[in-house]
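Engineer: Sequence and predicted structure below; questions after.
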Amino acid sequence: MHLFTNEARQRNAETRKVYAAYEIAHTAVDFVAAICFLIGSILFLWPVYEIPAVWLFIVGSMFFCLKPTLRLSREIHLWRMGRLDTLAERAGD
């Protein structure tokens with residue numbers, strides 16, 4: 001079983017559920033990052049709010065870094081589920 005394959009995501013109801021949960025988390029992280037950048041950009045219009053704007057950019061950047069981490073975590077989770085399925089099949093033989 002390889003990482004980042006549609007087959008791993010669609011193997012059974014449990015893998016579809018795991019995939020959906022990670023997609024929801026990924027979308028939420030994406031949304032929070034975008035909001036941080038939007039508000040930070042608006043705050044840069046006023047010099048007095050420059051420091052909070054910089055912090056929002058830093059927080060937004062951290063959330064953008066979290067996105068590939070979630071994707072890799074999801075794929076490893078699905079891969080491990082496949083490995084467990086394979087082991088269970090072998091034990092049943």
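Structural biologist: Here it is on my side, so go on.
Engineer: Have a look at the chain and report its longest helix.
Structural biologist: helix 50-92 (DSSP state H).
Engineer: which of the residues in stretch 26-34 are buried?
Structural biologist: Buried residues in stretch 26-34, counted by 16 or more other C-beta atoms under 10 Å: 26, 29, 32-33. All C-beta spots, glycine's among them, are computed from the backbone N, C-alpha and C.
Engineer: quick check, distance from it to the centre of its chain.
Structural biologist: Put simply, stretch 26-34 sits 9 Å off its chain's centre (C-alpha atoms, centre = their mean, to the nearest Å).
Engineer: Report the mean per-residue pLDDT for that stretch.
Structural biologist: For stretch 26-34, the mean pLDDT works out to 97.
Engineer: Show me what the helix or strand bottoming out on mean pLDDT in the chain is packed up against.
Structural biologist: Every helix and strand in the chain was compared by mean pLDDT, DSSP states H and E; the lowest is helix 6-9, with a mean of 76. Applying 3 or more C-beta pairs under 8 Å, 6 or more residues apart in numbering; DSSP states H and E, we find helix 6-9 packed against helix 13-43, helix 50-92.
Engineer: would you turn these into CSV with distance to E7?
Structural biologist: Shown next, in CSV, are the helices and strands packed on helix 6-9 (distance: least, C-beta to C-beta, whole Å):
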stretch, distance to E7
helix 13-43, 10
helix 50-92, 9
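Engineer: Which of those comes out lowest on mean pLDDT?
Structural biologist: helix 50-92 (a mean of 87).
Engineer: Please find the angle between the direction vectors of it and helix 13-43.
Structural biologist: 170 degrees (axes from the mean of the first three to the mean of the last three C-alpha atoms, to 10 degrees).
Engineer: next one: helix 50-92 to chain centre, how far?
Structural biologist: 5 Å.
Engineer: repeat for stretch 46-55
Structural biologist: 28 Å.
Engineer: Cheers, nothing more for now.
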